[in-house]
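# Just to be clear, the model below is a prediction. Sequence and coordinates:
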Amino acid sequence: MGYETILFDIDDTLLDFKAAEEQALSWLLQEMGIEPTLSVKNEYKKMNQGFWREHEAGVLSRQELLDNRFRLFFAQYDHEVDGPKTEAQYRRYLNQGYQLMDDSLEVVAKLSQKKELYVVTNGVSATQHQRLTKSGLAPYFKKLFISEEMGVHKPMKEFFDIVFAEIPHLKKEKTVIVGDSLTSDIQGGQTAGIDTIWMNPQEKEATTIKPTFQIGKLTDLYQILEEF
Ligand SMILES: [Mg+2]
């Protein structure tokens with residue numbers, strides 16, 4: 001313990017990605033003249049999840065999925081749309097989402113007074129810069145490590161090698177990563193040889209990947225990081 005350096009994941013740790021997805025979907029539906037009711041949105045989610053299962057099963061490539069999901073979905077409502085163009089529009093809407101997770105701004109502001117905070121995120125550089133700036137989180141971080149700029153991503157050891165090399169005087173035993181994903185944040189932290197804090201508000205069961213700590217909300221960090 002006695003952590004000095006905190007590496008933060010962004011999506012579903014500090015920013016609410018699910019809320020951003022909800023909003024982007026609503027905007028897209030409205031643009032198509034379809035009322036974004038719960039049942040329409042659920043219909044889309046069901047269809048989308050089905051496509052991702054086909055992708056996982058190797059039936060559908062990621063590109064095919066992204067190029068066709070909205071075309072097939074809107075066809076059900078007798079709307080003929082260009083799949084890739086609609087996907088691009090959805091992504092533009094998604095990139096505009098920067099809804100904060102509960103307490104995230106306060107927690108980050110407070111921690112930044114005593115700890116060195118860094119962002120470690122898998123994502124598109126322009127998008128993540130924009131969302132961190134608009135949400136007000138950006139000034140509290142010494143540096144942002146974004147996979148697209150680095151050419152490697154979490155949980156790769158190479159991602160963390162770059163992070164450690166670029167943080168001055170970093171001590172691994174005094175460094176911890178906070179994130180919601182067992183497979184990228186927690187696995188990545190373990191491979192890199194640092195402690196891990198799993199953001200797990202739904203109290204999911206840990207798999208074979210065991211974090212050092214678990215939290216249900218960001219304010220739980222005060223206790224783990226002490227001195228607050
Ligand atoms: Mg995340």
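Yes, it's here. Keep in mind that this is a model prediction, so the values were computed, not measured.
# So for residue 96, what's the pLDDT?
Reading off the confidence values, residue 96 has pLDDT 88.
# what residues are up against it?
20, 24 (CB atoms under 8 Å, 6 or more residues apart in numbering). In short, each C-beta sits where N, CA and C put it, glycine included.
# now it: how far from residue 90?
Here residue 96 is placed at a distance of 11 Å from residue 90 (CB to CB, to the nearest Å).
# Name the residues contacting each of those two.
With CB under 8 Å, 6+ apart as the test, residue 96 and residue 90 both reach residue 24.
# what does this protein have sitting close to the ion?
Applying CB under 5 Å from the ion, we find that the chain lies next to the ion at 9, 11, 12, 180, 181.
# doesn't residue 200 make contact with the third one?
By that I understand residue 12. No - using CB atoms under 8 Å, residue 12 and residue 200 do not qualify as a contacting pair, with a distance of 10.5 Å.
# Might you report the residue contacts of residue 207?
Residues near residue 207 by CB under 8 Å, 6+ apart: residue 182.
# pretty sure it belongs to a strand, no?
No - using DSSP: H, G, I helix; E, B strand; the rest coil, the assignment for residue 207 is coil, not a strand.
# That one and residue 70: what is the separation?
Distance from residue 207 to residue 70, by CB to CB: 32 Å.
# where does this protein have low pLDDT?
1, 227-228 (pLDDT under 70).
# how about the helices in it?
17-31, 38-56, 62-75, 83-95, 104-111, 125-135, 147-150, 157-166, 187-192, 221-225 (DSSP state H).
# Could I get those in a markdown table, plus columns for mean neighbour count?
Compiled in a markdown table, the helices of the chain are given as follows (neighbours: other CB atoms under 10 Å):
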| stretch | mean neighbour count |
| --- | --- |
| helix 17-31 | 17 |
| helix 38-56 | 13 |
| helix 62-75 | 16 |
| helix 83-95 | 16 |
| helix 104-111 | 19 |
| helix 125-135 | 17 |
| helix 147-150 | 16 |
| helix 157-166 | 16 |
| helix 187-192 | 22 |
| helix 221-225 | 17 |
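# Go through the ones you listed and name the closest to residue 118.
The minimum distance between residue 118 and these falls on helix 157-166, with 7.1 Å, by CB to CB.
# list the helices and strands that closest one packs on?
strand 116-121, strand 143-146, helix 147-150, helix 187-192 (3 or more CB pairs under 8 Å, 6 or more residues apart in numbering; DSSP states H and E).
# Break this protein down into its structural domains.
According to automatic domain parsing, the chain is divided into the following domains: 5-16+100-225, 18-95.
# Next, count neighbours for the nearest residue to residue 23 once chain neighbours are set aside.
Computed as CB to CB, 6 or more residues apart in numbering, the closest residue to residue 23 that is not its neighbour in sequence is residue 97, at 5.4 Å. Residue 97 has 21 neighbours, counted by other CB atoms under 10 Å.
# now swap in the one 4 residues further on and tell me
Residue 101: 23 surrounding residues under other CB under 10 Å.
# pretty sure it is touching residue 218, no?
Yes - using CB under 8 Å, residue 101 is in contact with residue 218, at 6.6 Å.
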